[in-house]
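Q: what's the 3D shape of this:
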Amino acid sequence: MRSFASLADFAAATGEHLGYSEWQRVGQDRVDRFAEATGDLQWIHVDPERAAHSLFGGTILHGYMTLALLPEMMRAIFDIEKIEMGVNFGLDKVRFPRPVPVGSRVRGGARLTGVRETPAGHLAAVRMTVEVEEGGRPRSACVADTLSLFIGP
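A: Take a look at the predicted model:
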């Protein structure tokens, strides 16, 4: 994990790749719980038998579930000391270049693309890339330009 002593130190890293989270495996039980929580019960996510005969060859994560992994991944990649809090401010652009098969391993990578001061705090843009392990190689499954508002000294 990369740790920054202050928002100024964090902002100074603009343009840098901040690192990767650990690989984690996402199982069907977690996908089912996400489906239940969101009401998105489409069979390609929750019916392994039917999905086995689809073009994906099995169930896949919801796109929004892949996005929901981002906060956990970001916390594993970097932290900023001496801030009061950080809040999700939104997303600028999101793409899903490939599906994430249930049971596969994923990790997140982060690149700090910008930080600007606003009246509410420091608005940070971080490009998060969720990679899925495919054939022993990491492949981009989601690229999201995230916005976070950091409040603190």
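Q: And the helices in the chain?
A: Here the chain has its helices, by DSSP state H, at 7-12, 28-38, 43-46, 48-51, 63-68, 70-77.
Q: Mind checking which residue lies nearest the centre of the protein?
A: Centrality entry for the chain: nearest residue to the mean C-alpha point is Leu70, 2.4 Å, by C-alpha atoms, centre = their mean.
Q: For Ala37, the count of nearby residues, please.
A: Residues lying near Ala37 (other C-beta atoms under 10 Å) number 10. Every C-beta, even on glycine, is put in place using the N, C-alpha and C of the backbone.
Q: oh sorry, the question was meant for Gly86
A: Other residues lying near Gly86 total 19 when counted by other C-beta under 10 Å.
Q: likewise Gly39?
A: Gly39: 6 neighbours (other C-beta under 10 Å).
Q: Met85 versus that one, what's the distance?
A: 29 Å (C-beta to C-beta, to the nearest Å).
Q: Please apply the same query to Asp79.
A: To Met85, Asp79 is 12 Å away according to C-beta to C-beta.
Q: One more: Gly136?
A: Distance of Gly136 to Met85, computed by C-beta to C-beta: 39 Å.
Q: So which of these two has more stuff around it?
A: For Gly136 versus Met85, neighbours defined as other C-beta under 10 Å are more numerous around Met85 (9 against 5).
Q: residue contacts, that one?
A: By C-beta atoms under 8 Å, 6 or more residues apart in numbering, the contact set of Met85 is Phe150, Ile151, Gly152.
Q: Only alpha carbons, please: show stretch 7-27 as PDB.
A: Provided in PDB are the C-alpha atoms of stretch 7-27 (Å, rounded to 0.1, in the frame of the first residue of the first chain):
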ATOM      1  CA  LEU A   7      -3.200  15.900   0.500                       C
ATOM      2  CA  ALA A   8      -0.300  17.900  -0.900                       C
ATOM      3  CA  ASP A   9       1.900  14.800  -1.100                       C
ATOM      4  CA  PHE A  10      -1.000  13.000  -2.700                       C
ATOM      5  CA  ALA A  11      -1.500  15.700  -5.300                       C
ATOM      6  CA  ALA A  12       2.300  15.700  -6.000                       C
ATOM      7  CA  ALA A  13       1.800  12.100  -7.300                       C
ATOM      8  CA  THR A  14      -0.500  13.200 -10.100                       C
ATOM      9  CA  GLY A  15       0.300  11.200 -13.200                       C
ATOM     10  CA  GLU A  16       1.800   8.300 -11.300                       C
ATOM     11  CA  HIS A  17       0.500   4.700 -11.100                       C
ATOM     12  CA  LEU A  18      -0.200   4.200  -7.400                       C
ATOM     13  CA  GLY A  19      -0.100   0.400  -7.400                       C
ATOM     14  CA  TYR A  20      -2.300  -2.700  -7.300                       C
ATOM     15  CA  SER A  21      -4.600  -4.400  -4.800                       C
ATOM     16  CA  GLU A  22      -4.100  -8.000  -4.000                       C
ATOM     17  CA  TRP A  23      -5.800 -10.600  -6.300                       C
ATOM     18  CA  GLN A  24      -9.100 -11.800  -4.900                       C
ATOM     19  CA  ARG A  25     -11.500 -14.500  -6.100                       C
ATOM     20  CA  VAL A  26     -15.200 -13.600  -6.500                       C
ATOM     21  CA  GLY A  27     -17.500 -16.500  -5.900                       C
END
